[in-house]
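J.: here you go, sequence then predicted model.
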Amino acid sequence: MPGALDGIKVLEVTQIIAGPMCGVMLSDLGADVIKIESAAGDGMRLLGQISPGESKGFHVFNRGKRGMVLNLQDSDGQAVVHRLISEMDVFLINARPGVPERLGIDYESLRSHKSDLIYLENTAYGPTGPSAHRAGADIIAQAYSGLMAGDEKVDEHGGPDLITATTPADFVAAFTSAIAVCAALFHRERTGEGQKIDTSLLGGAMVLQNAFAARMPVSDAVLLDPILSGLAAVRERGGSYRELLGARGGLRALVGGAFFLYYGGYQTSDGAIMLGCVTPPNRQQVRNALGLEPGDDPTDEGDFNALADGSEEIVARVRGMISERFASDTTENWIAKLDAAGAPASQVNIPEEMIDDPQVQALGIMVDLEHRLTGPETMVGPPFNMSRTPPEAEGASPPLDGDTDEVLIEYGYSAEEVATLRSSGAVGLPAED
């Protein structure tokens with residue numbers, strides 16, 4: 001059964017994560033995605049190489065695409081893009097503002113060859129403003145947006161530490177880019193109009209903390225003003241980064257430590273467990289599973305003030321009691337008790353082991369693919385399903401220069417023209433001496 005974007009043709013000039021992951025999602029939905037690389041290849045190819053020019057990172061962020069090599073510094077290479085774009089629906093690029101114009105592949109240049117083109121440009125800071133032309137990356141967007149400080153991690157030297165579980169700004173930018181492309185295609189279907197889409201790593205990072213970044217006068221006088229004045233005082237006296245985080249306080253200062261007794265993690269005898277209880281009934285379900293008696297936890301009494309003097313000592317005592325209970329048995333046994341009680345809880349899994357998880361397998365999240373150079377591989381596929389137009393991983397990532405000739409001939413170049421372009425260095429890898 002064809003995907004929702006069956007028949008849509010995408011030309012992609014992206015690298016690393018945000019742009020390439022957008023291309024993967026469009027491919028999963030059925031689009032034919034052609035990735036353009038320089039002869040040096042996407043920089044992700046070199047990070048943790050498993051064979052020359054091939055890495056796990058490149059494979060997962062570029063599956064389902066065809067690949068070709070073009071020299072976009074060369075006028076003949078640019079001319080190839082101009083010829084191909086007339087038959088494309090979508091163009092994806094992530095680069096600093098100004099780079100597309102220098103390469104002749106900016107929106108205005110390409111729409112002159114395809115008036116209803118959907119053109120998406122992803123940058124670090126967006127296309128306008130005082131920081132628009134600054135260099136950026138996910139870690140930079142984490143820092144600039146406040147997301148890094150919001151995560152409250154400090155390294156061994158007292159400086160800020162990055163979010164290491166993933167690249168959050170990259171992924172949100174990829175998701176929003178894919179959503180925007182689909183919306184633009186829908187608009188074009190109704191009106192015949194193409195358009196330019198701008199997304200940014202900064203915008204993606206801001207979405208992840210919208211509640212903290214928002215301003216609401218009805219609450220700011222109580223909640224926000226003390227934070228801002230505290231930050232100003234630390235800066236004025238030349239305080240440390242750790243002190244700045246302390247002045248901010250974060251979610252723990254806002255709701256009090258008692259909230260995290262049942263919304264946080266504990267060690268078990270053989271691993272760890274995470275609780276996600278927000279409501280009083282959920283918290284009682286945990287107490288029932290733990291075998292706590294009425295009165296064991298005074299933080300659940302109606303008159304307990306989590307922000308009052310002395311509350312921290314009470315919370316610490318209750319946490320110690322809960323910790324001791326969880327440490328007395330295995331993760332498996334505690335999950336069984338918590339599930340039986342109806343409490344929201346989970347074992348803390350290790351990502352490298354998730355491929356064998358029965359729930360992941362039941363959902364069909366992992367897909368088996370065959371790479372032309374490196375052989376069989378299993379990776380995360382589409383994370384959702386659709387009853388009429390199911391998404392599907394279209395195949396493994398392309399080898400560098402793996403489909404250049406095929407694509408050019410498919411779009412009207414003769415074998416002789418391809419050979420001429422290769423010999424001039426406009427397309428393909430340089431000939432070996």
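T.: That came through, no problem. Residues are numbered from 1 along each chain as shown.
J.: scan this structure for its longest helix.
T.: Assignment by DSSP state H gives helix 168-191 as the longest helix of the chain.
J.: looking only at pLDDT, what's the mean for the helix or strand containing Ala232?
T.: Element membership for Ala232, per DSSP states H and E: helix 217-236. Averaged across helix 217-236, pLDDT comes to 88.
J.: pLDDT (mean, whole number) over the helix or strand just after it?
T.: Using DSSP H and E, the next helix or strand after helix 217-236 towards the C-terminus is helix 241-248. Here helix 241-248 scores 92 as its mean pLDDT.
J.: one more: stretch 405-420?
T.: 97.
J.: which parts of it are buried?
T.: Neighbour-count burial for stretch 405-420, counted by 16 or more other CB atoms under 10 Å, picks out 405, 407-408, 413, 418. (Glycine included, C-beta is placed from N, CA and C.)
J.: do stretch 163-182 as well
T.: 163, 167-178, 180-182.
J.: tell me the angle the helix or strand following the longest helix of the chain makes with helix 168-191.
T.: Once the chain leaves helix 168-191, the next helix or strand it forms, by DSSP H and E, is strand 195-200. Put simply, strand 195-200 runs at 170 degrees to helix 168-191, going by axes from the mean of the first three to the mean of the last three CA atoms, to 10 degrees.
J.: that's a strand at Leu369, yeah?
T.: Yes. Judged by DSSP: H, G, I helix; E, B strand; the rest coil, Leu369 forms part of a strand.
J.: about what we covered before: only alpha carbons, please: show the helix holding Ala232 as PDB.
T.: These are the backbone C-alpha positions of helix 217-236, laid out as PDB (Å, rounded to 0.1, in the frame of the first residue of the first chain):
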ATOM      1  CA  PRO A 217       1.400  38.700  34.300                       C
ATOM      2  CA  VAL A 218      -1.200  37.000  36.500                       C
ATOM      3  CA  SER A 219       1.400  34.600  37.800                       C
ATOM      4  CA  ASP A 220       4.800  36.200  37.100                       C
ATOM      5  CA  ALA A 221       4.800  38.600  40.100                       C
ATOM      6  CA  VAL A 222       4.700  35.500  42.400                       C
ATOM      7  CA  LEU A 223       6.800  33.000  40.400                       C
ATOM      8  CA  LEU A 224       9.000  34.800  37.800                       C
ATOM      9  CA  ASP A 225      10.000  38.100  39.400                       C
ATOM     10  CA  PRO A 226      11.900  36.500  42.300                       C
ATOM     11  CA  ILE A 227      13.800  34.300  39.800                       C
ATOM     12  CA  LEU A 228      14.800  37.300  37.600                       C
ATOM     13  CA  SER A 229      15.900  39.400  40.600                       C
ATOM     14  CA  GLY A 230      17.800  36.400  42.100                       C
ATOM     15  CA  LEU A 231      19.600  35.900  38.800                       C
ATOM     16  CA  ALA A 232      20.500  39.600  38.600                       C
ATOM     17  CA  ALA A 233      21.900  39.600  42.100                       C
ATOM     18  CA  VAL A 234      24.200  36.600  41.300                       C
ATOM     19  CA  ARG A 235      25.500  38.200  38.200                       C
ATOM     20  CA  GLU A 236      26.100  41.500  39.900                       C
END
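J.: where does this structure have its least confident helix or strand?
T.: When each helix and strand of the chain is scored by mean pLDDT, DSSP states H and E, helix 250-255 comes last, with a mean of 60.
J.: could you give the mean pLDDT of the next helix or strand along the chain from that one?
T.: Later in the chain than helix 250-255, the nearest helix or strand by DSSP H and E is strand 265-267. Across strand 265-267, pLDDT averages out at 97.
J.: look up phi and psi at Lys65.
T.: Main-chain torsions, Lys65, degrees, to the nearest 10: phi -120, psi 160.
J.: my read is that it contacts Val33, right?
T.: Yes. Here Lys65 lies in contact with Val33, judged by CB atoms under 8 Å, at a distance of 4.4 Å.
J.: list the residues that contact both of those two?
T.: 12, 23-24, 27 (CB atoms under 8 Å, 6 or more residues apart in numbering).
J.: thinking again about what came up before, pLDDT on the longest helix of the chain, on average?
T.: 98.
J.: mind giving me the packing neighbours of it?
T.: Here helix 168-191 touches helix 18-28, strand 90-94, strand 118-123, helix 138-145, strand 195-200, helix 201-207, going by 3 or more CB pairs under 8 Å, 6 or more residues apart in numbering; DSSP states H and E.
J.: neighbours of Glu108, how many?
T.: Glu108 has 10 neighbouring residues, counting by other CB atoms under 10 Å.
J.: do Trp334 as well
T.: Count around Trp334 with other CB under 10 Å applied: 22.
J.: kindly report the same for Val360.
T.: 14.
J.: ok, it to Gly381 distance?
T.: 11 Å (CB to CB, to the nearest Å).
J.: so what sits against both of the two?
T.: Shared contacts of Val360 and Gly381, counting by CB under 8 Å, 6+ apart, come down to Met366.
J.: let me know the closest of the shared contacts of Lys65 and Val33 to Arg83.
T.: Nearest to Arg83 out of the shared contacts of Lys65 and Val33 is Glu12 (CB to CB; 16.4 Å).
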